[in-house]
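In: The amino acid sequence is not available; the structure is as follows:
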């Protein structure tokens, strides 16, 4: 787990004046499930294609297992890719598709058959060996693409938006399967996705990309609870952002004045999240907010600092397991709040138009530079 | 014919409106009546194509025993086969080059390659005549089949652009990720071409080749300008026979040519039809 299998060093890729990837450095560790996450056009696919060898960096170095890859063509690299369109060869049956990578490199026929069968068994397609791709569903075709790449026993498996073409239910199932498969075969996976749920549920570590550079590399939990900046906080999950200004710092607490909350004191860890000066942004996740009808006593446990506010419920969306509410504060700032419908009557407790109190633990508030 | 059908007329069901049926019928009559007449009279007992005197196949036997007609027919087939083979290879190579690679003046090449399709055939014929007689002096008195080389070269020149256009349009629907997947799995550029790109192109290549074959087989104008006295092709020979009189023998020979052309065209259409194209992933 500790040695890097892929080292990307100061890689830049320019298309004319546009820098699709701008001075990116990162390491992917052996046996890791690594995700490149970002909105479309952030350079994540460009970076993946450079690892696969379909384009070369304008400057910088890509090392795979310690070896510089720049002059090495895709067919000679120890990585294999699952394409967004799956790119299953339409004129070959499942067996031949999976065996193709062995066939072209001169592996003996009986070996091809044995290894392809193993790979197909691993993805649960043993009964489909003689089917043609147009007789398969989208999910099955993706398994063929997976088996076809895994049969080559690559050092790294690259996946380009592998689940984007599947429907929601199947996508969830494939997320679990992919994570299981990765643990099972012990191959490093690098996945490109724009879907934060996908990245959070599968990856060991995630690199969040924006405009060609990496904003933060961290585990899913760290990324969600300790985003480094406003972009990461906003991109990963839902978040309420409150503009404010730093007015002072006392011990391990930072004082911030905002229009909505007045003056609040936020404890902060004093770790590497930097100095805060001038304009900052307070962020609070919707599920960390307690909501109650005005006038009902709040019963906060003693010894903890809470931040409080009030407003009126203006919108409500029911999702079964939880409900999302929009609360408008006095200065008309909109606040997202999520409540768990942990009891049947939770739904009836609040309604649109109710005046409510909002409160959350001061320590759950994030202070972010812009 | 709304009276005959029980269901109501749908807005786009034009084929069920009587005036449209009449119109379509008239057009088909105009198109095919002459050809049907030609074929019918090839079985006519009479020497003249005016009155029907009873059924016979003797004109086919007569045409079969007409040595110069058969020679012309063999010439035509030979030229068509050679020019199809060469123009298919050149046409496919050009299509692949224009599609897969980047090079300067690419669009100029593309335009130039398609030019023979739009240049009037008569200009092409005259140009070929000038080229072969003045510029190179291609001899037409060499031994068979070398004496056909001028016609063959001319046929290749006007038919390979058709192959290129057909194969190129087929390739534009190719999912580039397939070629990348092949490379990613360890295949060289050469292996990728033969294992992945070629199978995809194949229907286009066959359609293009069959088109080149029919174009060559029934070409008259260009061939007329490039053929010598001993290198008549079938269409040119038929023309010279017609100049004396249209005998049922000419009808019989033409019927055979129509048959060959129709069969090849049907094959070409079958390979070009969209349901032959594999669904995209």
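Out: Ah, there it is. It should be emphasised that the depicted structure is a prediction, and the values quoted were computed from it without experimental measurement.

In: Going by C-alpha atoms from here, please, whenever you check contacts or count neighbours.
Out: Noted.

In: At the contact with chain A, which residues of the stretch 51-200 of chain B appear?
Out: B:175, B:177-178, B:180-188, B:191, B:196, B:199-200 (C-alpha under 8 Å from any C-alpha of the partner chain).

In: Could you name the specific helix or strand carrying residue B:81?
Out: Assigned by DSSP states H and E, residue B:81 belongs to helix B:67-100.

In: elements contacting that helix?
Out: For helix B:67-100, the packing partners by 3 or more C-alpha pairs under 8 Å, 6 or more residues apart in numbering or on different chains; DSSP states H and E come out as helix B:58-65, helix B:149-171, helix B:198-217, helix B:234-244.

In: got a list of what residue A:11 touches?
Out: Contact analysis of residue A:11 by C-alpha atoms under 8 Å, 6 or more residues apart in numbering or on different chains lists A:21-25, A:57-62.

In: My reading is that it lies in a strand. Confirm?
Out: Yes: applying DSSP: H, G, I helix; E, B strand; the rest coil, one finds residue A:11 inside a strand.

In: which residues pair with it across the strands?
Out: With DSSP bridges applied, residue A:11 shows beta-bridge pairing to residue A:24.

In: Secondary structure element for residue A:192, which one?
Out: Element membership for residue A:192, per DSSP H and E: strand A:188-193.

In: picking that back up, same list (the helices and strands packed on helix B:67-100) but as a markdown table, adding mean neighbour count.
Out: Converted to a markdown table, the helices and strands packed on helix B:67-100 look like this (neighbours: other C-alpha atoms under 10 Å in any protein chain shown):
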| stretch | mean neighbour count |
| --- | --- |
| helix B:58-65 | 16 |
| helix B:149-171 | 23 |
| helix B:198-217 | 23 |
| helix B:234-244 | 17 |
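
In: can you tell me which of the ones you listed the model trusts least?
Out: Looking at these, the lowest mean pLDDT belongs to helix B:234-244 (a mean of 85).

In: ok, which stretches of chain A are helices?
Out: Chain-ordered helices for chain A, with DSSP state H as the definition, fall at A:44-52, A:94-103, A:109-122, A:138-150, A:168-185, A:196-202, A:220-225, A:230-235, A:346-349.

In: I'd like those as TSV, with mean pLDDT, distance to residue A:319 and mean neighbour count appended.
Out: Shown next, in TSV, are these (pLDDT from 0 to 100; distance: least, C-alpha to C-alpha, whole Å; neighbours: other C-alpha atoms under 10 Å in any protein chain shown):
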stretch	mean pLDDT	distance to residue A:319	mean neighbour count
helix A:44-52	94	32	23
helix A:94-103	95	40	25
helix A:109-122	93	35	18
helix A:138-150	93	26	25
helix A:168-185	87	15	14
helix A:196-202	90	16	19
helix A:220-225	92	21	17
helix A:230-235	91	21	19
helix A:346-349	73	11	11
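
In: List just the one of these that sits closest to chain B.
Out: Nearest of the helices of chain A to chain B, taken as C-alpha to the nearest C-alpha: helix A:94-103 at 4.5 Å.

In: For that closest one, what is the distance to the chain centroid?
Out: Mean C-alpha position of helix A:94-103 versus that of the full chain (C-alpha atoms, centre = their mean, to the nearest Å) differs by 32 Å.

In: Mind giving me the packing neighbours of it?
Out: Here helix A:94-103 touches helix A:109-122, helix A:138-150, going by 3+ C-alpha pairs under 8 Å, 6+ apart.

In: Serialize those to JSON lines and add fields for distance to residue B:79.
Out: Formatted as JSON lines, these follow (distance: least, C-alpha to C-alpha, whole Å):
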{"stretch": "helix A:109-122", "distance to residue B:79": "43"}
{"stretch": "helix A:138-150", "distance to residue B:79": "46"}
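
In: okay, those in JSON lines with distance to chain B next?
Out: JSON lines is the format used below for the helices and strands packed on helix A:94-103 (distance: least, C-alpha to the nearest C-alpha, whole Å):
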{"stretch": "helix A:109-122", "distance to chain B": "13"}
{"stretch": "helix A:138-150", "distance to chain B": "7"}
